[in-house]
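K.L.:
need a structure here:
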Amino acid sequence: MVKVVGIIAPKETQEINTEGASYTEAYAALNEVVPEGWRLLSVRIER
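P.N.:
Prediction:
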């Protein structure tokens, strides 16, 4: 028997933004605002 697992995400995309005193703080805040049922696909830094 073979078990196949796929990971899916909603079709639409949504941009979310956070700020922090450091990358670590801003990244942690970003993860806290990801809506339930969604997953973070990419992160970019704007200075």
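K.L.:
tally of neighbours for residue 38?
P.N.:
13 (other CB atoms under 10 Å). Just so you know, the C-beta spots here come from the backbone N, C-alpha and C atoms, and that holds for glycine as well.
K.L.:
ditto for residue 3
P.N.:
By other CB under 10 Å, neighbour count at residue 3 equals 4.
K.L.:
equivalent analysis for residue 12, please.
P.N.:
6.
K.L.:
any idea of the pLDDT on it?
P.N.:
In this model, residue 12 is scored at 84, pLDDT.
K.L.:
please report how far the most centrally placed residue in the chain lies from residue 22.
P.N.:
In the chain, the centroid-proximal residue (CA atoms, centre = their mean) is residue 40; its distance is 1.8 Å. To residue 22, residue 40 is 18 Å away according to CB to CB, to the nearest Å.
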